[in-house]
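> Make a model of this:
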Amino acid sequence: MKFSDWATRVSLIFFMLAALILVLAFGKAKHFPKNITTANKEISVWSQYPQIQAQQIQNRGEKAQKALTLPRKTQQNAGRYATTEAFARYQPRYEMIAIDPSNYGDRYTQDINGITVHNQPIIVIHETGFSAASAVNFFQTRHEDESVQASYHTLIQLDGTVIYLVSPEKRAFGAANSVFEGDNGPETVQTNPNLAPSVNNFAYHVSLETPPDGRGDNYIKAHSGYTEAQYHSLAWLIAQSQIPENRITTHQAVDRSGQKIDPVSFDFDKLLTILNTYREISPVYRAQS
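Numbers count the residues shown, from 1 in each chain. Here you go, the predicted structure:
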């Protein structure tokens, strides 16, 4: 075979392969999920959620640092709420623990039908059901089954220690089938065609460690309740957000599966009383209003 003939055949094969690759790439692009865009600046602006206190945290390794360290936002100079002197005096212990990426995801700008979503942030309060260590171990385990994946943004131990697990701009898998009853009606977003709609896309999930007498029974009606340190750390955490009281809720309130009743024995009035000592309406916001 002449060299020119051989070169011609090689060129033809190359162009055929290139064309095949282009066709396959075009086909994949056509079937790309509609809601893959995750830089959601219109709805749940993540700076409105409680922020990670990165300056003094006792980090558990470089991986946790890279996964969770966020720039601090100055909330005293902008927004509806400003923290108080009481907030500054309360100094809970806190740390960051990295969890497996299968247990959290991105926040979407669109639902599965390509409709833009505009939900304002909410805070959903949970309890672990077991020990804090057990919950963290579950979150650090990779789960391929989407129906099993779960996480909170933050967990508060019995001694008041605040454990940051998922960065606020990410979507923690804290609630499955769920709806928030807002002032303007029910709110929920479906981001996975295989799962029921949920509040996860616009929720910040924080969980309280269950006391020993309440562990291991998903249907328990009451237990000894949460410690003073847990209430204060929860209020301290929420005080760093711009989320109003009417958008702070519980897992039981948003659940639509009929199976979740946490946090059991939770004193909402007590939380709000402490919260109102840790934050107040900003003078700037009050003046503008």
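> give me every residue that touches Arg80.
Arg80 makes contacts with 242, 244, 281-282, 285, as judged by Cβ atoms under 8 Å, 6 or more residues apart in numbering. Using the backbone N, CA and C atoms, a C-beta is placed for each residue, glycine as well.
> Please pick the buried ones from the residues you listed.
242, 282 (16 or more other Cβ atoms under 10 Å).
> Need the max-distance pair from the contacts of Arg80.
The largest separation in the contacts of Arg80, counting by Cβ to Cβ, is between Pro244 and Ser282 at 12.6 Å.
> Give me the domain ranges for the protein.
What automatic domain parsing lists as the domains of the chain is 1-32, 40-288.
> how about those domains in a markdown table, adding mean pLDDT?
As requested, these are arranged in a markdown table below (pLDDT from 0 to 100):
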| stretch | mean pLDDT |
| --- | --- |
| domain 1-32 | 44 |
| domain 40-288 | 89 |
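> Quick one: neighbours of Tyr254, just the number.
Actually, residue 254 is Val. It isn't Tyr. The local packing of Val254 (other Cβ atoms under 10 Å) involves 24 other residues.
> The residue positioned nearest the centre of the chain pairs with what?
Centre of the chain computed as the mean C-alpha position; nearest residue by Cα atoms, centre = their mean is Ala172, 3.5 Å away. Beta bridges link Ala172 to Tyr104 when assigned by DSSP bridges.
> which residues of the stretch 101-250 of the chain fall in strands?
104-106, 122-127, 154-156, 162-164, 170-172, 180-182, 185-187, 203-208, 248-250 (DSSP state E, counting those that start in this stretch).
> which residues sit against the last one?
For strand 248-250, contacts defined as Cβ under 8 Å, 6+ apart pick out 122-126, 180, 238, 262-263, 266, 268, 271.
> That one: partners in the sheet, and parallel or antiparallel?
strand 122-127 (parallel).
> quick one: the partner strand to chain centroid distance?
10 Å (Cα atoms, centre = their mean, to the nearest Å).
> Send me it as CSV with only the CA atoms.
Taking Å, rounded to 0.1, in the frame of the first residue of the first chain, the C-alpha atoms of strand 122-127 are listed here in CSV:
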residue,chain,number,x,y,z
ILE,A,122,-35.9,28.9,56.5
ILE,A,123,-34.3,27.2,59.6
VAL,A,124,-35.5,23.6,60.4
ILE,A,125,-34.8,22.3,63.9
HIS,A,126,-34.2,18.5,64.4
GLU,A,127,-33.0,16.1,66.9
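> Give me the buried positions along that strand.
Those would be 122-127, for strand 122-127 by 16+ other Cβ under 10 Å.
> out of the contacts of strand 248-250, which one sits closest to Val136?
Nearest member of the contacts of strand 248-250 to Val136, counting by Cβ to Cβ, is His126, at 13.9 Å.
> Could you find the closest non-adjacent residue to that closest one?
Leaving aside its sequence neighbours, His126 sits nearest to Ser207 (Cβ to Cβ, 6 or more residues apart in numbering; 3.9 Å).
> again with Val254
Val254 sits nearest to Ser178 (Cβ to Cβ, 6+ apart), 4.2 Å away.
> Enumerate every residue touching the one you found.
Contacts of Ser178 by Cβ under 8 Å, 6+ apart are 188, 197-200, 254-257.
> Distance check, it against Thr188.
7 Å (Cβ to Cβ, to the nearest Å).
> so what's in contact with these two at the same time?
Shared contacts of Ser178 and Thr188, counting by Cβ under 8 Å, 6+ apart, come down to 197-199.
> can you list those in TSV and add distance to Asp159?
Below are those laid out as TSV (distance: Cβ to Cβ, whole Å):
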residue	distance to Asp159
Pro197	36
Ser198	31
Val199	29
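> of those residues, buried ones?
By neighbour count, with 16+ other Cβ under 10 Å, those hold 197-199 as buried.
> ok, of those, which one's closest to His143?
Nearest member of those to His143, counting by Cβ to Cβ, is Ser198, at 16.6 Å.
> on that earlier part again, how near is the residue nearest to Val254 to Gln252?
For Ser178 relative to Gln252 (Cβ to Cβ), the value is 10 Å.
> for the residue nearest to Leu165 when sequence neighbours are not counted, what are its contacts?
Spatial nearest neighbour of Leu165, excluding adjacent residues (Cβ to Cβ, 6+ apart): Ile99 at 5.3 Å. Counting by Cβ under 8 Å, 6+ apart, Ile99 makes contact with 136, 139-140, 151, 165-166.
> Distance check, Val189 against Ala203.
10 Å.
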